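In: Structure of the sequence below:
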Amino acid sequence: MVAASDADRVTLRLASAALQSPNSHIMYGFLYGNITPVEVEMVSEPQHRTKLGWILEAGWKGLCPRCGEGHMFKAWLKVSDTCEVCGLDYGFAAPDDGPAFFSLCIVAFPLTFFIVWLQVAYSPPLWVHFVTSAPLMAIGCVLPLRPIKGWLVASQYVNKAHEAGTAQLWGLLNGRTVEKGKTAFDD
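Out: Now for the predicted structure:
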């Protein structure tokens, strides 16, 4: 048996991604020599999804926003240093306190209205709130933190978002050289 080279493995991975895409005819063209591996790579990117759909999917599943295969997180809320598949450097990722803000706005604010309604409508004893309201509030605010953080990191990458005029500063902080007028996203 002949051992496959790294280029062959990359080509096969790209070809399998193209086969799973809605444009599977591209795979047949690749197999019969009509399409080069570079064309397969370009088509295998998540082009058929909308930008928002890709951001939400990558964020919800914790996938790399560039390749869609690697993991975005190395722990529950700790963003990886790089993608293990495509090598994307997550140095650009700065969601800061955005996940907590969105979690509070999306979950805690409506849940507070429910708790107030429960108190006004039924006047339950205090222990009922300790048994129902406090756990609902805690779980409801903590569980969405990871998908929201993934959404913010994917959104930063897809939209190439960074603070205006801070590309050189981010480059210095992350040990990279960023030319004037360029961004940390320019490869």
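In: Just confirm residue 74 contacts residue 80, I think it does.
Out: Yes: counting by Cβ atoms under 8 Å, a contact exists between residue 74 and residue 80, whose distance comes to 4.5 Å. Quick note: C-beta positions are derived from backbone N, CA and C, even for glycine.
In: And the helices in this protein?
Out: Secondary structure of the chain by DSSP state H: the helices cover 6-20, 25-31, 37-44, 51-61, 98-103, 109-122, 126-128, 134-142, 145-158, 167-173.
In: re the thing from before, and residue 74 and residue 80? which has more neighbours close in?
Out: Using other Cβ atoms under 10 Å, the more surrounded residue of residue 74 and residue 80 is residue 80, with 19 against 12.
In: pLDDT value on the more buried one, please?
Out: According to the prediction, residue 80 has pLDDT 95.
In: just residue 91 next, same as before
Out: Predicted confidence (pLDDT) for residue 91: 83.
In: burial measure for it, as a count.
Out: 16.
In: same deal with residue 126?
Out: Counted with other Cβ under 10 Å, the neighbours of residue 126 add up to 9.
In: ok, it to residue 113 distance?
Out: Counting by Cβ to Cβ, to the nearest Å, the gap between residue 126 and residue 113 amounts to 19 Å.
In: Nearest spatial neighbour of residue 136, chain-adjacent residues omitted?
Out: Sequence neighbours aside, residue 111 is the residue nearest to residue 136 in space, at 6.2 Å (criterion: Cβ to Cβ, 6 or more residues apart in numbering).
In: now swap in residue 84 and tell me
Out: Nearest non-adjacent residue to residue 84, counting by Cβ to Cβ, 6+ apart: residue 70, 5.0 Å away.
In: What score does that neighbour have for pLDDT?
Out: In the predicted model, residue 70 carries a pLDDT score of 95.
In: Which residues are in contact with it?
Out: The contact partners of residue 70, by Cβ atoms under 8 Å, 6 or more residues apart in numbering, come to 63, 64, 80, 83, 84, 85, 86, 88.
In: ok, now how distant is the closest residue to residue 90 other than its chain neighbours from residue 112?
Out: By the measure of Cβ to Cβ, 6+ apart, the closest residue to residue 90 outside its immediate chain neighbours is residue 79, 5.1 Å from it. Counting by Cβ to Cβ, the gap between residue 79 and residue 112 amounts to 30 Å.
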